[in-house]
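K.L.:
sequence and predicted model, in that order:
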Amino acid sequence: MRPELLDLVGGTPLARVTTPLPHQHTGFWAKLECLGAGGMKARAAVSMLMAARTDGRLAPGAPVVESTSGTLGLGLAFAGQALGHPVVLVVDDELEPVMRALLTAHGARLEVVTRPHPTGGWQRARLDRLHAVLAEIPGAHWPDQYNNPANPTGYAALARELLDQLDHIDVLVCSVGTGGHSAGVAGELRRHRPDLRLIGVDAVGSTIFGQPALPRVMRGLGSSIHPRNVAYREFDEVHWLGPVEVVAACRALARDGFVSGGWSTGAVATVAAWVARVEPGAVVVTVFPDGVHRYLETIFDDGFCQARGLLGRPSDHPVEVADPAAAPLSRWSRCTTVTDPLGVPA
């Protein structure tokens, strides 16, 4: 147990981004969570484990088992060290070798799924393996990042940091996967800035906002299930991005502004830049969840991108969509009507 590590969570800097994406814009603010220990999701990981310890669901020293596409795994490895819990992570064959090595270096045990679920993809396959692993380890705890209310709670401090760093915020742009950081940050910000607009950024082929599940190359952005931490009623609009737009944005950020990241970073940067362009004068804020190192052999590798057709000409604006359930989307799209596709009342 290393509780002193908890002092390293948060306190990340805010950067002004003016890189053309692809057009000139007036600039937006980006919270650089890649510069925090354990990354952005260390906030959620610590929050979930602390809550489970408090209410007795997680015994001292008990193992923690979770499914991850990578980023939460790093946060849990951090939280496990800080709080004294061994961590078992259910990952899949498409997890980058550098991320596997990093998670292992930080003491996590990896359970690797080798075949996607026929309809639920890698995400469903990981969850199926997770339940099998839980049955094999007495006393193990599953945080359930997709539905655990302590996940969004962990991001309230991020919102308070933004309030300390900026006098005013008009628009918050958030990537959506589990729904944790969008719900947590927006909920806390609106206690102080009730007129704040929240824009969600999803991936083409993700089911979160009503699209059919399709194979996705972008890891960590979007979902093939419907996490209940997604606070649908909080969103004013949603954008879906394709990988061509995101690769172009990540590379432009790295080349022109030095600060860049992965799929979620490129997606939110694209949308934040568009908002800053069409609404000059608005104070636009987003969160860059991670940095570039994990993606050197994917987003920043020409061979990887050429083999998947990711170096084409990106869309420079979204198309307007009235009903996201009407047809599968294949390019950057935008909808200003946001509903829960499962029809669960807000």
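P.N.:
Now that the structure is in, tell me what you want to look at. Please read all numbers here as calculations on a predicted model, not as lab measurements.
K.L.:
quick one: the helices in the stretch 101-250 of the chain?
P.N.:
Listed in chain order, the helices of the stretch 101-250 of the chain (DSSP state H, counting those that start in this stretch) span 121-136, 150-153, 156-165, 180-192, 243-252.
K.L.:
just so I know, which of these lies nearest Ile199?
P.N.:
With distances scored as CB to CB, the stretch of these nearest to Ile199 is helix 180-192 (9.3 Å). For the C-beta atoms, the positions are set from N, CA and C on the backbone; glycine is no exception.
K.L.:
for the closest one, which residues meet the burial criterion?
P.N.:
Buried positions in helix 180-192, judged by neighbour count with 16 or more other CB atoms under 10 Å: Gly180, His181, Ser182, Ala183, Gly184, Val185, Ala186, Gly187, Glu188, Leu189, Arg190.
K.L.:
and the fourth one, how close does it get to Leu162?
P.N.:
Meaning Ala183. Note on Ala183: its distance to Leu162, by CB to CB, to the nearest Å, is 15 Å.
K.L.:
same check on the last one?
P.N.:
With the distance defined as CB to CB, Arg190 ends up 12 Å from Leu162.
K.L.:
count the neighbours of Ala307 for me.
P.N.:
Other residues near Ala307 come to 10 when the count uses other CB atoms under 10 Å.
K.L.:
tell me the pLDDT at it?
P.N.:
Per-residue confidence at Ala307 stands at 97 (pLDDT).
K.L.:
ok, Ala346 next?
P.N.:
Confidence score, pLDDT, at Ala346: 46.
K.L.:
just to be sure, Val271 is in a helix?
P.N.:
Yes: Val271: assigned to a helix according to DSSP: H, G, I helix; E, B strand; the rest coil.
K.L.:
could you number the chain from 18 rather than 1 from now on?
P.N.:
Understood, numbering begins at 18; the last thing we discussed is Val288.
K.L.:
residues of the helix or strand of the chain with the lowest mean pLDDT that come out buried?
P.N.:
Least confident helix or strand of the chain, by mean pLDDT, DSSP states H and E, is helix 138-153 with a mean of 92. Residues Gly138, Trp139, Gln140, Arg141, Ala142, Arg143, Leu144, Arg146, Leu147, Val150, Leu151 are the ones in helix 138-153 that count as buried (16+ other CB under 10 Å).
K.L.:
brilliant, that's me finished.
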